[in-house]
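Asker: Provided below are the primary sequence and the corresponding predicted coordinates.
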Number of protein chains: 2
Amino acid sequence: MTDTPAAIPSPRLATPVDARSSPYAAHRPVPIDNVTLDDPVWAPRIRRNREHTIPGQLAFLEDTGRLDNFRRVAGTSDAPFTGLYFNDSDVYKWLEAASWALAQAPEEERAALGRMIDAVIAVIASAQHDDGYVNTYFSKEREGERWSNLRDCHELYCAGHLIQAAVAHTRVTGKTSLLDVATRFTDLICDTFGPASEGKREETDGHPEIEMALVELARLTGERRYLDQARFFVDVRGRGSIGGGAYHQDATPLRDQREMVGHAVRAVYLNAGAADLLADVRDHALRGALEAMWANMTTRRSYISGGIGSRWEGEAFGKDFELPNTRAYAESCAAIGAVMWAWRMLLLEAKDDTRWADAIEHTLYNAMLPGLSLDGDHYFYQNPLEDDGTHRRQPWFGCACCPPNIARTLPLVPGMVATVTTRRAVGEELGPLHDTVWLHLLAAGTVRVDLPSGGEIELAVRTRYPWDGKVEIEVAELRDAGDLTLNLRVPGWCDGATGEVNGRALPPAETAAGQYATLNRTWRVGDVVKLRLPMRIRRMEAHPRVTDSVGRVALMRGPMLYCIEEADNQRGDVRDLVLGTARDLHPAWRPDLLGGCVVISGTAELAPPDAGWSGMPYRELGDRRVGVREPVAVTAIPYHLWANRGRGPMTVWLRRE
Amino acid sequence: MTDTPAAIPSPRLATPVDARSSPYAAHRPVPIDNVTLDDPVWAPRIRRNREHTIPGQLAFLEDTGRLDNFRRVAGTSDAPFTGLYFNDSDVYKWLEAASWALAQAPEEERAALGRMIDAVIAVIASAQHDDGYVNTYFSKEREGERWSNLRDCHELYCAGHLIQAAVAHTRVTGKTSLLDVATRFTDLICDTFGPASEGKREETDGHPEIEMALVELARLTGERRYLDQARFFVDVRGRGSIGGGAYHQDATPLRDQREMVGHAVRAVYLNAGAADLLADVRDHALRGALEAMWANMTTRRSYISGGIGSRWEGEAFGKDFELPNTRAYAESCAAIGAVMWAWRMLLLEAKDDTRWADAIEHTLYNAMLPGLSLDGDHYFYQNPLEDDGTHRRQPWFGCACCPPNIARTLPLVPGMVATVTTRRAVGEELGPLHDTVWLHLLAAGTVRVDLPSGGEIELAVRTRYPWDGKVEIEVAELRDAGDLTLNLRVPGWCDGATGEVNGRALPPAETAAGQYATLNRTWRVGDVVKLRLPMRIRRMEAHPRVTDSVGRVALMRGPMLYCIEEADNQRGDVRDLVLGTARDLHPAWRPDLLGGCVVISGTAELAPPDAGWSGMPYRELGDRRVGVREPVAVTAIPYHLWANRGRGPMTVWLRRE
């Protein structure tokens, strides 16, 4: 294995989406190792993920034969192939997770983590065929079946994860040990699939994923053909070339698609890949389709948690407003895919609109994070918004897509905190570069930004957000920053925000909800910006067509969705609590509870479930036999923290009357 | 084929459940050919079924190779086996349907129908192996796989339908051509399955069905061993002997089961078979389990339509109150199975409680009948209570369980109109027999009852029920009837019923809802009983735990559930109609509409669906932007008649506010 950092552009950016040289991307990402978080939510999760979850998952990869599948092909194991035909992808996703984690690991942890990574890479490399092909299922006795069932067998999907892992590994370590494996395989793929006019197969994979990977590989290596290949895979889809249907996003060409349909993870992965393309190629039809699909997803097919893909059958999107709570599928991987998609859309435009960042923050806190237990050892595949106490996180799955997906997403959160744009980059007439630093996610920590104009700025963010709305941002360091704009996100949920710079109040219009507070000045070290984001408890209702939630009430505070579970509410069944008439709901900081969180407490009513009901669960309207309701103290916790204690019912939506 | 009516008890009773000689059955059925209906709902459906649907289904059996599968085994066809491994059951169910229909066919139709039946029986008989085995899937090349996968392959399920068809055919025609085939197969089954102590296999089928069939075969032939075999199949289930789970009702012994779980059709078929057993063997544990399961099903796991089995995954029962409307599965066959079960429970006890008859009537009108189109050519497999207009009845299915199931159920409705009990039969001290004739289903027609005491009575029922609540019952004929009690059902939904005998009013207590009006006198020809059953329009609400329906309103009138569909309501989308505030709802007889029915009309409001909603389908409570609502005329039709016109949204539950 060669190890020369061949054609790798320098400085290497530890980021999954390096759009620096993409002509149609306005934002440049800030690499994950330039951001250090010490907020109450992400910092401990990221640490636990690196120190505990990632090593733990490696043990599962070993115990479940996922690594032996590679050794078997290499001839160093005679174990039979075990598990599902796409199990290789779990190994690749783990490698990506471990690589990103390595970028944030303190000195003392790096050696051990690096050894794990190198060992796994060696196992993978040893299973690569001479022609570059890598897939442990289609090796040995199934050698002849390569590419024989693209619709169902995930070969290109697995290749995509191999490529993403290689990109992460190279960007973090500078090594090309995995990149060499990935590029050799990619070259084989490029020679195999493409226009029939070039004597290639005009087909794609039943499970999108390789599109994102190829765009990024092109950005890393500067190889234009990988970008063209990604575009080919987007263009060929939807023509039924693989005999797929809506489930595989193969029923309609993407540019003609307006609604989110079929397998949710596949749908958002495809759209994320298409959004990647938009940073490098101008394509109005594709952009229009993605905007329409995003609108359909967020206004018609999303849970209040941000979860998507409501149907168990086919792990799929349901019809408009088909959003059942107990039978929600809302796969953790689908939420992660939605964040990938939103992040790539955010990067395209320097627009004073927080919708993408709002969606990213909301989905990370309320749809991705619930998939992981506080101990970092257990995972949800499905994320119901109501449960009778039987749905609990599992240590692993036969189809283990979610665990490593969460593990690779957590280290990337710091990378979504900030971006930088520059005037010239958004295509205005030439002039002196003017840089704008955007703060998208509000979280305590330090953010160092290399400015396109050459300078550098470091911001120290002090806040207890998301538990508190006070945010203090100090300019900690400056180098050749000169004239600079700071764009600070004022979340869409936040009415009545106020701000000040060095004690001077900002005009209210500057801190209106759903836009970025734009602060343009010549900054000096020690300058302090203060934002006050009121965190009123919000009682939410559902659209009348969301029939499973209509007539009920849910609680939100700041970016957090809340739920009520039995552990805090032992009287009766939480599903019989009437919250519509609840009195004196108030937030309370509970350092002792679930790693420290703000709960919402108050007094509600407990309705006897069967008073006035007999025979059938239906009766004539106006029958007012409701039984005696007793007032009970209720405590709601952030939804992402549910099911970390004893079994018992939980619900996000509570009775209004 | 022999054709001697061997050991067939005479007089033969054209009824699927002949509990005459069952020691623990209080009721004796009235054969279907003693009841002639001319009511507005059943009579035309039964006629259409006999004249059109049954011949049409035979064509499908032929066109889809279901009959060729038999000819192939007989060696008279060299077509390959086609369809699903349990397709034989469709042929058997068709034979049962045709046999029952024959019993009601006018002279001029009999010959043709009889020829169809005999031809199909000949085809089946020709496919029977020398050892009695009949199953076209496990013949020829799969000969060796017989009984190798009881859990999944439906061999005993198909045998059960063969037996039920044979029982029906013999009871209606007196012929034994099919009975001989069935008994030979049954004898093989009895020799193969049973206690290990007898050197037999202690296993059963993954799909219950044979239990009911064996009990009835025992009643027809007087063969006790068939009853013992049925009991064995009930007893052996739930011990995991076939490696099944809750889906197959194999996780828990039936006597220990309290909730309805797993595949809905399998669950109710098993319970119907168990209820059959209870008529012949005293078994308190089994009775207790069935009562508990019935209570769980009706109070927790039934739609307002009476539909059961809400989950698409596994065609299964959901958890308590898990009753989604658009994604309701509510298989037509499950509703039919629930009726079979309720009918067998009704027969056990002579009790002044209409709950079983109420459930039968409600389920037949609102859960079984929606499965069939008015033209008798199209069928629903799933029966959603809300739809966007895409769910439509199909002419046939690859898994075609529902069509012949509906076809065999319609001819049996007359058999559920009345029963007769006698004092001695309910085990009181000996004395002169006192007979009671029970009227369970209210429908115009004539009912001739042979009395246990030897006499006979014929009742002429005049009513427009279910469209009108006036019911007039005249004693049309009498022979040795003497002292006799008439028990007339006053439905559970009917408050304020009144009645009179020959012009003399009955005491109000006698016509209280949910019991039988008990009229004991010495009857004379020409005596007239009148019942007045008020048919108030009822606005229904759902139990707070039925989250998909709570906060909404549904309409009922008499036994009928109503729905609103686009064909009658062109302004806007019916799912945006607000019915809670509807004014002047009134019934109206529409002879022109859908074969003639009573609609419910009034004035509701149409809400603009998106006024006040943006971004997500959730907003803060108290946001009162509802947009301008326009008053609109609304027309609701009986739910069973939906989707007989153009495509368009339909909903049973409408917005309350």
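Answerer: Now that the structure is in, tell me what you want to look at. Numbering: from 1, shown residues only, chains lettered A, B, ... in the order given.
Asker: Now do the closest residue to residue A:76 other than its chain neighbours against chain B, distance only.
Answerer: Excluding its sequence neighbours, the residue lying closest to residue A:76 (CB to CB, 6 or more residues apart in numbering or on different chains) is residue A:126, at 6.9 Å. Every residue, glycine included, has its C-beta placed from N, CA and C. Residue A:126 sits at a distance of 40 Å from chain B (criterion: CB to the nearest CB, to the nearest Å).
Asker: Could I get the contacting residues of residue A:126?
Answerer: By CB atoms under 8 Å, 6 or more residues apart in numbering or on different chains, residue A:126 lies in contact with A:70-71, A:73-74, A:76.
Asker: What subset of these is buried?
Answerer: A:70-71, A:73-74 (16 or more other CB atoms under 10 Å in any protein chain shown).
Asker: any chance of those residues in TSV, plus pLDDT?
Answerer: Listed next are these as TSV, based on pLDDT from 0 to 100:
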residue	pLDDT
A:70	98
A:71	98
A:73	97
A:74	96
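Asker: Helix or strand: which one has residue A:285?
Answerer: Residue A:285 belongs to helix A:284-300 when assigned by DSSP states H and E.
Asker: burial of residue A:530, as a residue count?
Answerer: 19 (other CB atoms under 10 Å in any protein chain shown).
Asker: Grab the nearest non-local neighbour of the closest residue to chain B within the stretch 1-150 of chain A.
Answerer: Closest approach between the stretch 1-150 of chain A and chain B, counting by CB to the nearest CB: residue A:84, at 19.6 Å. Leaving out its chain neighbours, the residue that sits closest to residue A:84 by CB to CB, 6+ apart is residue A:399, at 6.0 Å.
Asker: Please read off the pLDDT at the closest residue to chain B within the stretch 101-250 of chain A from the model.
Answerer: Nearest to chain B in the stretch 101-250 of chain A, going by CB to the nearest CB, is residue A:246, at a distance of 12.9 Å. On pLDDT, residue A:246 comes in at 94.
Asker: go on, residue A:609?
Answerer: 82.
Asker: Find the nearest non-adjacent residue to it, please.
Answerer: residue A:576 (5.0 Å).
Asker: burial of residue A:610, as a residue count?
Answerer: The burial count for residue A:610: 13, using other CB under 10 Å.
Asker: Mind checking what secondary structure it has?
Answerer: The three-state label given to residue A:610 by DSSP: H, G, I helix; E, B strand; the rest coil is coil.
Asker: Name all residues that make contact with the one residue sitting closest to the centre of chain A.
Answerer: The centroid of chain A falls nearest to residue A:336 when counting by CA atoms, centre = their mean (3.0 Å). Residue A:336 makes contacts with A:368, A:405-406, A:409, as judged by CB under 8 Å, 6+ apart.
Asker: Can you verify it is assigned to a helix?
Answerer: Yes - applying three-state DSSP, one finds residue A:336 inside a helix.
Asker: how about low-confidence regions in the stretch 501-650 of chain A?
Answerer: The stretch 501-650 of chain A contains residues with pLDDT under 70 at A:626.
Asker: ok, residue A:620 - how many residues close by?
Answerer: A total of 13 residues lie near residue A:620 under the criterion other CB under 10 Å.
Asker: Now name the helix or strand holding the closest residue to it other than its chain neighbours.
Answerer: Leaving aside its chain neighbours, residue A:620 sits nearest to residue B:538 (5.1 Å; criterion: CB to CB, 6+ apart). Here residue B:538 sits within strand B:537-542, counting by DSSP H and E.
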